[in-house]
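Q: show me how the following folds:
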Amino acid sequence: MAYWLVDSPGSGDGCRDADFWLPYLREQGIENVTECRLDEAEQWLRLVTGNDVLLAAGGDGTVNGVAGLCLRTGATLAVLPSGTANDFARNLGIPSEPAEVARLVADGSTEMIDVAEFDDRIYLNVAHIGLGTLPSRQASSPTKRFLGKFSYMATLFRQLGAQRGFHAHIRTDRSNLGGRWLSIAVATGAYFGGGHEIPEASANDGLLDVIAVKPRPLPQLLLAFLMVRLNRKTPRRTSTVIQSKGKWCHVETTRAKTVTVDGDVAGKTPFHATCRPEAIRVIGKQVIHTGGYGASR
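A: Modelled structure (predicted):
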């Protein structure tokens, strides 16, 4: 077994790079580590085997890229949380303390998780349309470094009053929704947006979770965001927020809207995603299964 430490300079505050993680890995007896860069993958990927572990040192965007390499090679994905929000790491129960992360990698316990497929690409955490795309597109690096995961919320608050919403039709194999929306999120796991928890969700339940927010007066929207932060859960259905599930999701908008996946711009609507169950093997403490409304598959 070989370990490949895949670095993506600039993730999060830029401090948790390969040099940061190597001493922690060595303390756990992990010595056979090759440092490499995600943007140079074609130069070293041919050497990777299905028995190897790809260590992703970065945020959700970096983890997404490394996961795609795991699909190509059959290698196991291990996440070294180094980004701003680290929602995907939270889905796997990965701790924030570096020494504990390295210990988890050395232990080597694995599970299979889902991915979402779209346009011959994948994502691991969430796709956004509407207001939810703005933190990725507008939150500057200095803002992210100063506020951390709260930079996402700060960017949203600056834009809330200017958003009137957009017309969209949201279909899954279980639901059919139409109307005007402020934001649409299509998630594969239990967390997105810097820690919002989705009821009845996990990274290996074989389903996508759709969280759609309706345009409302600014005080009502701020109250909804506040309740989400206090309760640490996205409500399943209110006058402002609607949640639905499905094996696939298709979103049509009247006018083309930007789509972001795992924090990166991925194109325009229409958007179609399909859940590919148990597609990647990952190292994790546990896959988080959220409750609150009873089991749902």
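Q: which residues of this protein fall in helices?
A: Counting by DSSP state H, one finds helices in the chain at the ranges 18-27, 41-44, 60-73, 87-91, 98-107, 134-138, 141-147, 150-160, 218-231.
Q: quick one: buried residues of the second one?
A: Of the residues in helix 41-44, Ala41 count as buried by neighbour count, 16 or more other Cβ atoms under 10 Å. For the C-beta atoms, the positions are set from N, CA and C on the backbone; glycine is no exception.
Q: try the fifth one
A: Of the residues in helix 98-107, those with enough neighbours to count as buried (16+ other Cβ under 10 Å) are 98, 101-105.
Q: pLDDT averaged over it - what is it?
A: On average, the pLDDT along helix 98-107 is 96.
Q: surely Val265 is in contact with Leu134?
A: No - counting by Cβ atoms under 8 Å, Val265 does not reach Leu134; the two are 11.4 Å apart.
Q: those two: which is more packed in?
A: Leu134 (20 against 12; other Cβ atoms under 10 Å).
Q: from Thr258, how far off is that one?
A: According to Cβ to Cβ, to the nearest Å, Leu134 stands 9 Å off from Thr258.
Q: top strand in the chain by residue count?
A: The residue-count maximum for a strand in the chain (DSSP state E) belongs to strand 271-283.
Q: give the other helices and strands that that strand contacts.
A: Here strand 271-283 touches helix 60-73, strand 76-81, strand 110-118, strand 121-123, strand 126-130, strand 248-253, going by 3 or more Cβ pairs under 8 Å, 6 or more residues apart in numbering; DSSP states H and E.
Q: partners of the shortest one in the sheet?
A: Pairing partners of strand 121-123, with direction, according to DSSP bridges: strand 110-118 (antiparallel).
Q: and what of the fifth one?
A: According to DSSP bridges, strand 126-130 has the following sheet partners: strand 183-187 (antiparallel), strand 258-261 (antiparallel).
Q: now the longest strand of the chain, how far from the chain's geometric center?
A: 12 Å (Cα atoms, centre = their mean, to the nearest Å).
Q: partner strands of that strand and their direction?
A: In the sheet, strand 271-283 lines up against strand 76-81 (parallel), strand 110-118 (antiparallel), strand 248-253 (antiparallel) (DSSP bridges).
Q: just these: most buried one?
A: When the strands paired with strand 271-283 are scored by mean count of other Cβ atoms under 10 Å, the highest mean neighbour count falls to strand 76-81 (a mean of 27).
Q: what's the angle from that strand to helix 98-107?
A: Following axes from the mean of the first three to the mean of the last three Cα atoms, to 10 degrees, one obtains 170 degrees for the angle between strand 76-81 and helix 98-107.
Q: could you export strand 76-81 as CSV, CA atoms only?
A: What follows is strand 76-81, C-alpha atoms only, in CSV (Å, rounded to 0.1, in the frame of the first residue of the first chain):
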residue,chain,number,x,y,z
THR,A,76,-9.3,4.8,-1.3
LEU,A,77,-10.0,8.4,-0.5
ALA,A,78,-8.8,9.9,2.8
VAL,A,79,-9.7,13.5,3.7
LEU,A,80,-7.3,15.8,5.5
PRO,A,81,-9.6,18.7,6.3
